[in-house]
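S.K.: Predicted model and sequence below, questions to follow.
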Amino acid sequence: MSEFVETLQFIVGNKVFITLAIVVILQLLSHQIIRLIRKNNDFLNEQHRTWISRTKNLKVFLMTFLLFILWWVELERFALSIAAVAIVIASKELILCLSGSILRAASNAFIIGDWIRVGDNYGEVIEHNILSTVVQEVDF
């Protein structure tokens, strides 16, 4: 008897199993309701199609809601880790911009009014500050 209780506790505690159960039960329930709506009709009128659509939409809403509640803690941790990665990437980009600005200022590479080429773009420097350089492009 204790093995059965342990197995039952494992199944109830296992979120993957509960997720599969929610998906299967809602899918089967939705399928049965749609069969009741259709009955033996070959052609469906507007009211039948409306109720079939509502049934499918309710199934998706319930599935999303229940799975969201079930996996809330994991989703919160995942979102927090994604936010941390985004902060690291943004910091890296800011550091690169600042170091490039320092390099540009230290080397006196160009001043306002100079003509420069950056990749395929060619134009006159009309403004530069610590994070950006504005070039007025000229097409040839």
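M.R.: In hand now; what should we look at? Residues are numbered from 1 along each chain as shown.
S.K.: Helix or strand: which one has Val73?
M.R.: In this structure, Val73 sits in helix 72-107 according to DSSP states H and E.
S.K.: in that helix, what counts as buried?
M.R.: Residues Ser101 are the ones in helix 72-107 that count as buried (16 or more other C-beta atoms under 10 Å). In short, each C-beta sits where N, CA and C put it, glycine included.
S.K.: pLDDT on that helix, on average?
M.R.: For helix 72-107, the mean per-residue pLDDT is 84.
S.K.: Provide the strand pairings for the helix or strand following it, with the direction of each partner.
M.R.: Per DSSP H and E, the first helix or strand lying C-terminal to helix 72-107 is strand 115-118. Counting by DSSP bridges, the strands paired with strand 115-118 are strand 121-128 (antiparallel).
S.K.: any idea how far the helix or strand just after the partner strand is from the chain center?
M.R.: Downstream of strand 121-128, the first helix or strand assigned by DSSP H and E is strand 133-137. Its chain's average C-alpha position is 34 Å from that of strand 133-137, according to C-alpha atoms, centre = their mean, to the nearest Å.
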